[in-house]
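Colleague: heads up, no residue letters with this:
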């Protein structure tokens, strides 16, 4: 903790000011101008669960429809579904994709390729060369398909993708087809991109395209060097989420402390004092808290990028916080009021959205949340979208 003398000289952000920023900057009053505006406001939408981007945007964009995101992803191609920070799958604005790819995905991809070669080593000789041949066949098969082949269709065209490899270590091993790992690596490296789902918007099986043909000139821009990309990506994160702590920065980026420190210095980031005695970082010119905006009510999905944008969440997530997470640390659906979590919600098999408040928030706020739940029920229109990562309290509310 910094000394009291040092803290007294720093601009101060109390928890109320930080929560007010969340309402304003993360569009928690459902006031984003459009899909692109909401994605840029959050920098990256979690997409490990395919329903998360849709429900996250529905909570932020007035009049949002499933087709709005699909148009941006598949027709305008202004958004890119890609692996990034901590190997997580995100939806990002194509203008941020290069930064995410160079600063976050590419270093992870190098490690994943090395692991894949290790798993293949007992099966084939000259592993790297053999894998490169399979890769060329995959890229050629995608181009020859003249469309967006599924994984199954690629396996038919490139039989080597069906090769079984043993992944993991010790007692935590399993046999999986090469396709599941090689396509992942190629996507992390930016050579191929996930396109449309093989089913509805709730499906997690995607079709594939060669990145250069899918994004045309966007994919062909000269990549920045890794240090410059880290500095630019950190700037976007602090701009959208600041003030953030060193713990937040290291966790969200997945970088070493030295890489984070260098990126902070490159942006001339300023230090501020936080309520819990810790220090946070903001960008120059952004160190003055402003009065909070009007009330913001939101029902955010599991893995939403607002709560998953921080490692240290006490300023918006009151105790006991463990009821909001599964065993792996994935947050479930949450009810938000004025930039803080006040309850959880779930969808029953009937399609109805049910919720439970975990504190007394007053009659007016209860009425607003009840209205928000009813509106979400109507929007779902009988479609049930169950979170992939379920918490005990969400299951209880859902009745499953």
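Modeller: Perfect, thanks for sending it. This structure is a prediction, so every number in the text was calculated from the model and none was measured.
Colleague: the helices in the stretch 101-250 of the chain, which residues?
Modeller: Ranges of helices in the stretch 101-250 of the chain, per DSSP state H, counting those that start in this stretch, are 106-120, 127-145, 151-157, 178-188, 211-215, 226-241, 246-253.
Colleague: roughly how far out does the longest one sit from the chain middle?
Modeller: What it means is helix 127-145. 29 Å (Cα atoms, centre = their mean, to the nearest Å).
Colleague: which other helices and strands contact that helix?
Modeller: In terms of contacts (3 or more Cβ pairs under 8 Å, 6 or more residues apart in numbering; DSSP states H and E), helix 127-145 is packed against helix 106-120, helix 151-157, helix 178-188, strand 192-197, strand 206-210. Where C-beta positions appear, they are placed from N, C-alpha and C, glycine not excepted.
Colleague: Please parse the protein into its domains.
Modeller: 44-220, 317-398 (automatic domain parsing).
Colleague: Spatially central residue in the protein, please.
Modeller: The chain has residue 46 as the residue nearest its centroid, 2.3 Å off, counting by Cα atoms, centre = their mean.
Colleague: Bridged to that one, which residues?
Modeller: Beta-bridge partners recorded for residue 46 (DSSP bridges): residue 90.
Colleague: Ok, residue 12 next?
Modeller: residue 273.
Colleague: can you list the residues that contact stretch 180-194?
Modeller: Under the criterion Cβ atoms under 8 Å, 6 or more residues apart in numbering, residues 80-83, 87, 101, 105-106, 108-109, 112-113, 116, 119, 131, 134-135, 138-139, 142, 151, 154, 161, 165, 167, 206-211, 214-215, 219 lie in contact with stretch 180-194.
Colleague: Can you say which of these are buried?
Modeller: Buried subset of the contacts of stretch 180-194 (neighbour count, 16 or more other Cβ atoms under 10 Å): 80-83, 87, 101, 105-106, 108-109, 112-113, 116, 119, 131, 134-135, 138-139, 142, 151, 154, 161, 165, 206-211, 214-215, 219.
Colleague: picking that back up, and the helices of the stretch 101-250 of the chain, which one is worst for confidence?
Modeller: Note on the helices of the stretch 101-250 of the chain: helix 211-215 shows the lowest mean pLDDT, a mean of 91.
Colleague: now for that helix, which elements pack on it?
Modeller: strand 192-197.
Colleague: how much does the strand it packs on deviate in direction from helix 178-188?
Modeller: 110 degrees (axes from the mean of the first three to the mean of the last three Cα atoms, to 10 degrees).
Colleague: Can you give the strand pairings for strand 192-197, parallel or anti for each?
Modeller: Sheet partners by DSSP bridges: for strand 192-197, these are strand 206-210 (antiparallel).
Colleague: OK, contacts around residue 314?
Modeller: Residue 314 neighbours (Cβ under 8 Å, 6+ apart): 276, 321.
Colleague: Distance check, it against residue 31.
Modeller: Distance of residue 314 to residue 31, computed by Cβ to Cβ, to the nearest Å: 26 Å.
Colleague: now do residue 276
Modeller: For residue 276, the distance to residue 31 (Cβ to Cβ) stands at 29 Å.
Colleague: Who has more neighbours out of those two?
Modeller: Neighbour totals were compared for residue 276 and residue 31, and residue 31 leads with 15 against 12 (other Cβ atoms under 10 Å).
Colleague: name the element that one belongs to?
Modeller: Assigned by DSSP states H and E, residue 31 falls within no helix or strand.
Colleague: check contacts around residue 354.
Modeller: Residues in contact with residue 354 (Cβ under 8 Å, 6+ apart) are 345-348, 373, 397-398.
Colleague: Can you tell me which of those residues is closest to residue 171?
Modeller: Nearest to residue 171, judged by Cβ to Cβ, of these is residue 398 at 32.3 Å.
Colleague: Which of the three states applies to residue 354?
Modeller: Three-state assignment for residue 354 (DSSP: H, G, I helix; E, B strand; the rest coil): strand.
Colleague: Just give the closest residue to it, not the sequence neighbours.
Modeller: residue 397 (5.0 Å; Cβ to Cβ, 6 or more residues apart in numbering).
Colleague: Could you check which helix or strand contains the one you found?
Modeller: helix 392-398.
Colleague: Any idea how far apart the tips of stretch 316-327 sit?
Modeller: Using Cα to Cα, to the nearest Å, one end of stretch 316-327 lies 20 Å from the other.
Colleague: same deal with stretch 159-173?
Modeller: Stretch 159-173: ends 23 Å apart by Cα to Cα.
Colleague: are any of the contacts of residue 354 buried, and which?
Modeller: 345-347, 373, 397-398.
Colleague: Give me the contact list for the longest strand anywhere in the chain.
Modeller: If you go by DSSP state E, the chain has its longest strand at strand 340-347. With Cβ under 8 Å, 6+ apart as the test, strand 340-347 has contacts from 19, 299, 307, 315-318, 323-324, 332-336, 353-359, 361, 365, 369, 373, 376, 380, 384-386, 391, 393-398.
Colleague: Which strands border that strand, and is each parallel or antiparallel?
Modeller: strand 334-337 (antiparallel), strand 353-357 (antiparallel).
Colleague: could you pull out the helices for the stretch 301-400 of the chain?
Modeller: Under DSSP H, counting those that start in this stretch, the stretch 301-400 of the chain gives helices at 363-380, 392-398.
Colleague: So for residue 199, which of these sits nearest?
Modeller: So among the helices of the stretch 301-400 of the chain, helix 363-380 is nearest, using Cβ to Cβ, at 17.2 Å.
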